[in-house]
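Q: Coordinates for the following, if possible.
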Amino acid sequence: MPLYLGVMSGTSLDGLDIALVEQHDRTRLLGHHYIPMPSALREQLLSLCRSGDDELARAALTEQQWASLAAQGIASLLRQHNLEPRQIRAIGSHGQTVRHEPARGFTIQIGNPALLAELTGITVVGDFRRRDVAADGQGAPLVPAFHEALFADTGTARAVLNVGGFSNLTLLHPDQPVAGFDCGPGNVLLDAWIQVCRGEAFDNNGDWASSGELNAPLLQSLLDEPFFAQAGPKSTGRELFNLPWLQAKLTKFPTLAEADVQRTLLELTAFSIADALLKRQPSTRELLVCGGGAHNRGLLERLSSLLPGMDVCITDERGVPADWMEAMAFAWLAHCCLERIPANRPSVTGARGLRILGAIYPA
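A: From the prediction side, this is the model:
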């Protein structure tokens, strides 16, 4: 059975996830490897999320470094499993999103798949999002089709929640096409605030947030952002939800304790997810959580409280490790591209129709 690698670098910019999968009737995880993002590369990637000097050259140089880091991780994973490059059919490489503005007709992921193919000696499939955007879709989220392949149940209404830098939902109902959309900030504001206030990369288990008090007026101010009132298809990113956006909101709350801000940001993430799910698929019986947010105990507790009657659990309990879901998805997307299987879902992205996603860079 063919072997694939999936490489995912998400909006949290903490590192690269690399999954080794076997693809047959289902996708089976055989191994994985994680590479922390070097701080200098992280800063370069963040700088490309906003306008600046000499962007084209900086982007070209930065994606060379990204591809080199990915190649190093791939080599390590292959050594761990005594595999040769020729034994891997393809790498599905998401690249790193630096701009996502489907309303203006573009999304940009850098990662130099041609260089990655050269460095690894393996066929690379990349650039998954732009074909959907070209067909008037959002280009995101793309993982609902993979969630459907893994978790669709003919008798149960389920939802799959991915909480990375941003949160997105996949809605699986036995009588309806798969649906999905971005809900809003996942970890992006929580991480940004704790980095500013405490110099920490993330709020472990949501402990700092749990030490604070929810501020209802601030929460309402955050929820006043028009994005939350939009129905899907919709997607978002750092172009909207970022530290300056939060700081502008906080000017009306100058005396608010830092921990109270963090607690309110946790509620923003939890409430925006729960509210969207209850409005779009109130019959959901099971919410399966994946991504980095699956490790935030405080977030899971709030979701359980806001969604009474739903079983909230992480995808590990259904046989798919929460940390590797997205990397596995891009390995699967590479398989779909090579087999000419349409992998977007118009009911999710709003595209004009089914499309084969990805561009192929042969070894």
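Q: buried stuff in the strand of greatest length in the chain?
A: Looking across the chain with DSSP state E, the single longest strand is strand 88-101. Judged by neighbour count using 16 or more other CB atoms under 10 Å, the buried positions of strand 88-101 are 88-100. Yep, even glycine has a C-beta here, placed from its N, CA and C like the rest.
Q: Next: stretch 241-256.
A: For stretch 241-256, burial by neighbour count (16+ other CB under 10 Å) applies to 241-242, 245-246, 249-250, 256.
Q: sorry, back to before: name every strand pairing with the longest strand of the chain and say which way it goes.
A: Using DSSP bridges, the strands paired with strand 88-101 are strand 3-9 (parallel), strand 106-110 (antiparallel), strand 124-126 (parallel).
Q: where are the low-confidence patches of the stretch 151-300 of the chain?
A: Within the stretch 151-300 of the chain, no stretch has pLDDT under 70.
Q: That one: strands as residue ranges?
A: 158-163, 166-172, 179-185, 286-290 (DSSP state E, counting those that start in this stretch).
Q: Adding distance to A192, write these out as CSV.
A: Below are the strands of the stretch 151-300 of the chain laid out as CSV (distance: least, CB to CB, whole Å):
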stretch, distance to A192
strand 158-163, 15
strand 166-172, 12
strand 179-185, 9
strand 286-290, 21
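Q: which one of the ones you listed lies closest to L268?
A: Go through the strands of the stretch 151-300 of the chain one by one with CB to CB and the one that ends up closest to L268 is strand 179-185, at 6.4 Å.
Q: Distance from the closest one to the middle of the chain?
A: Centroid separation between strand 179-185 and its chain, computed with CA atoms, centre = their mean, to the nearest Å, is 10 Å.
Q: and if you look at stretch 258-277?
A: Stretch 258-277 has its C-alpha centroid displaced from the chain centroid by 18 Å (CA atoms, centre = their mean).
Q: Of all the residues in that stretch, which ones are buried?
A: 259-274, 276-277.
Q: With just CA atoms, put it into PDB.
A: Extracted as PDB, the C-alpha positions of stretch 258-277 are listed here (Å, rounded to 0.1, in the frame of the first residue of the first chain):
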ATOM      1  CA  GLU A 258      -4.100  40.800  32.400                       C
ATOM      2  CA  ALA A 259      -5.300  37.400  33.700                       C
ATOM      3  CA  ASP A 260      -8.900  38.600  33.200                       C
ATOM      4  CA  VAL A 261      -8.100  39.400  29.600                       C
ATOM      5  CA  GLN A 262      -6.800  35.900  29.100                       C
ATOM      6  CA  ARG A 263      -9.900  34.400  30.700                       C
ATOM      7  CA  THR A 264     -12.100  36.500  28.400                       C
ATOM      8  CA  LEU A 265     -10.100  35.400  25.400                       C
ATOM      9  CA  LEU A 266     -10.600  31.800  26.400                       C
ATOM     10  CA  GLU A 267     -14.300  32.500  26.600                       C
ATOM     11  CA  LEU A 268     -14.200  34.100  23.100                       C
ATOM     12  CA  THR A 269     -12.800  31.000  21.600                       C
ATOM     13  CA  ALA A 270     -15.100  28.600  23.400                       C
ATOM     14  CA  PHE A 271     -18.300  30.700  22.900                       C
ATOM     15  CA  SER A 272     -17.700  31.400  19.200                       C
ATOM     16  CA  ILE A 273     -17.300  27.700  18.600                       C
ATOM     17  CA  ALA A 274     -20.300  26.600  20.700                       C
ATOM     18  CA  ASP A 275     -22.500  29.400  19.300                       C
ATOM     19  CA  ALA A 276     -21.700  28.500  15.700                       C
ATOM     20  CA  LEU A 277     -22.300  24.800  16.400                       C
END
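Q: and the protein, what are its domains?
A: Per the TED database, the structural domains of the chain span 3-140+324-361, 143-318.
Q: can you give me the end-to-end distance of the last one?
A: Translated: domain 143-318. Between the start and the finish of domain 143-318 there is a gap of 17 Å, counting by CA to CA, to the nearest Å.
Q: and it, how far from the chain's centre?
A: 12 Å.
Q: ok, back up a step: turn the strands paired with strand 88-101 into CSV, including mean pLDDT.
A: Shown next, in CSV, are the strands paired with strand 88-101 (pLDDT from 0 to 100):
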stretch, mean pLDDT
strand 3-9, 96
strand 106-110, 96
strand 124-126, 98
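Q: Any idea which of the ones you listed gets closest to Q230?
A: strand 106-110 (17.8 Å).
Q: quick one: contacts of that closest one?
A: For strand 106-110, the surrounding residues in contact (CB atoms under 8 Å, 6 or more residues apart in numbering) are 48, 59, 62-63, 66, 94-101, 126-130, 133, 139-140.
Q: repeat that with 10 Å
A: Outside strand 106-110, the residues within contact range by CB atoms under 10 Å, 6 or more residues apart in numbering are 9, 45, 48-49, 59-60, 62-64, 66-67, 93-101, 126-130, 132-134, 137-140, 235, 237.
Q: Just the ones in helices from the buried residues of stretch 241-256, please.
A: Taking DSSP state H, the ones among these that sit in helices are 245-246, 249-250.
Q: Pretty sure A60 sits in a strand.
A: No - counting by DSSP: H, G, I helix; E, B strand; the rest coil, A60 is not found in a strand; it is helix.
Q: Buried residues in stretch 224-231, which are they?
A: The neighbour-count check on stretch 224-231 (16+ other CB under 10 Å) flags 225, 227-228 as buried.
Q: between the residues you listed, which is nearest Y4?
A: Relative to Y4, and with distances defined as CB to CB, the nearest of the buried residues of stretch 224-231 is F227, at 34.1 Å.
Q: show me what contacts that closest one?
A: 182-185, 234-236, 240-241, 272.
Q: Check the burial of G105 by counting its neighbours.
A: Residues lying near G105 (other CB atoms under 10 Å) number 11.
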